[in-house]
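Student: Build me a structure from this.
(chains A and B)
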Amino acid sequence: MHIPDGFLNTGVSVATGIVAAGAVGYGLRKAREELDEKSVPLMAMVTSFIFAAQMLNFPVAGGTSGHFLGGALAALLLGPWLGCLVMALVLLVQCLGFADGGLTALGANILNMGIIGTVLVYYIFRFLQRALPSGRGSYLISAAAAAWLSVVMASGACAVELGISGTTPMGVALPAMLAIHAIIGIGEAIITVAVLSLVMAVRPDLVRTYRPQGAENLA
Amino acid sequence: MEKGKKSVTIFALAGLAFAAALALLVSPFASTHPDGLERVAEDQGFIEKAEETEPAWKNAPLPDYTVPGLNEKKVDEETGKEVEEPTRWSTGLAGLLGTVGIFFVAWGLAVLLKKPESREEEKTEVVST
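Tutor: So this is what the prediction gives:
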């Protein structure tokens, strides 16, 4: 869902750029508090995994493909602001190193995938986690829902930006984007749950948003 | 604590190895169909807006996840123009370089951003053990 150059008008480019710069700036400050010995290697690992997994387009309906985004996974393993930084770094490297996503759309891409699809999704996840009973099953269900929502909400935001830019009527773009990403989001949920399950099996202490029953007020 | 830190590093390196293997060996076989946004842009006829726009940044060393020197030159049957087609090695190697490169960039960024106090703690811990 990386927006290329040419899809956004100047106003949307600049506005989303300012929002993205503000969020990344806040994230850089929050990182000082949140980073510790364990999260440095974990942050590097999550970043490289998201970069690699984003290359693996899987086919969905009708000659279309989708790929993993990773915002929900980053937020659940690192918290919302380190997660936001990870997504911004992935998008920056893809833009400058691989010509994937336009430089003039970098702010919008960070807003969609690194703020809405990561920070906002983190707080939706926390809400779900409080609403559901604690335990491994509920945790993974909340994670799957967060992952699916992450892709769907990012695609919705993308459609709104295209609409405001006058690239395509929002009334057409919004349902089309939401419909295809509702399918792609299933892939996102599966990969997110698979990776979380794997990390929980090997190093449960590294999954900061998951605490077995009895342990509360953590992370 | 020192031991804990070391084992997280080993875990992270194992994760890097897994991600690198995905990039090198699986990415060349990924679907080449348009993604969700590209599909909508094609269907609604605004994909041209991207194709006709000069990219704002033209110096990407590995454009479209390929290593330029490893691509195959082919003549497009429809247009008669010479086009570059990525080989499996070109895509896999570009993915590997990106995956390993971004791991160390993220590590470096995290070390730079970490609170100086926790670096101090680290030192005293080493001294006290």
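
Student: Between the two ends of stretch B:43-54, how far is it?
Tutor: End-to-end distance of stretch B:43-54 (C-alpha to C-alpha, to the nearest Å): 22 Å.

Student: Centroid-nearest residue for chain B?
Tutor: In chain B, the centroid-proximal residue (C-alpha atoms, centre = their mean) is B:Gly98; its distance is 3.5 Å.

Student: Go ahead and confirm that one touches A:Val93.
Tutor: Yes: between B:Gly98 and A:Val93 there is a contact under C-beta atoms under 8 Å: 6.8 Å. Placement of C-beta: from N, CA and C, glycine included.

Student: Identify the contacts common to those two.
Tutor: A:Phe51 (C-beta atoms under 8 Å, 6 or more residues apart in numbering or on different chains).

Student: Quick one: the strands in the chain, in order.
Tutor: Went with chain A since none was named. Using DSSP state E, the strands of chain A run over A:58-60, A:64-66.

Student: wait, I meant chain B there
Tutor: Under DSSP E, chain B gives strands at B:72-75, B:82-85.

Student: These into JSON lines, with extra columns for mean pLDDT, distance to chain A and mean neighbour count?
Tutor: Putting the strands of chain B into JSON lines (pLDDT from 0 to 100; distance: least, C-beta to the nearest C-beta, whole Å; neighbours: other C-beta atoms under 10 Å in any protein chain shown) gives the following:
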{"stretch": "strand B:72-75", "mean pLDDT": "82", "distance to chain A": "19", "mean neighbour count": "10"}
{"stretch": "strand B:82-85", "mean pLDDT": "80", "distance to chain A": "13", "mean neighbour count": "12"}
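
Student: With distance to B:Ala21 added, can I get those strands in CSV?
Tutor: Putting those into CSV (distance: least, C-beta to C-beta, whole Å) gives the following:
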stretch, distance to B:Ala21
strand B:72-75, 24
strand B:82-85, 24
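
Student: do stretch A:9-28 and chain B meet at all?
Tutor: Yes: judged by C-beta under 8 Å from any C-beta of the partner chain, stretch A:9-28 and chain B are in contact via A:Leu28.

Student: Run through chain A and note the low-pLDDT ranges.
Tutor: For chain A, the stretches with pLDDT under 70 are A:212-219.

Student: hmm, I was thinking of chain B
Tutor: In chain B (pLDDT under 70), the answer is B:1-4, B:117-129.

Student: Where does it get nearest to chain A, residue-wise?
Tutor: Using C-beta to the nearest C-beta, the single residue of chain B nearest to chain A is B:Thr53, 3.0 Å away.

Student: contacting residues for that residue?
Tutor: Applying C-beta under 8 Å, 6+ apart to B:Thr53 gives the contacts A:Pro4, A:Asp5, A:Gly6, A:Gly102.

Student: ok, longest helix in chain A?
Tutor: Ordering each helix of chain A by length in residues (DSSP state H) puts helix A:170-202 first.

Student: related to what we said a few turns ago, between the strands of chain B, which one is closest to A:Gly70.
Tutor: strand B:82-85 (28.3 Å; C-beta to C-beta).
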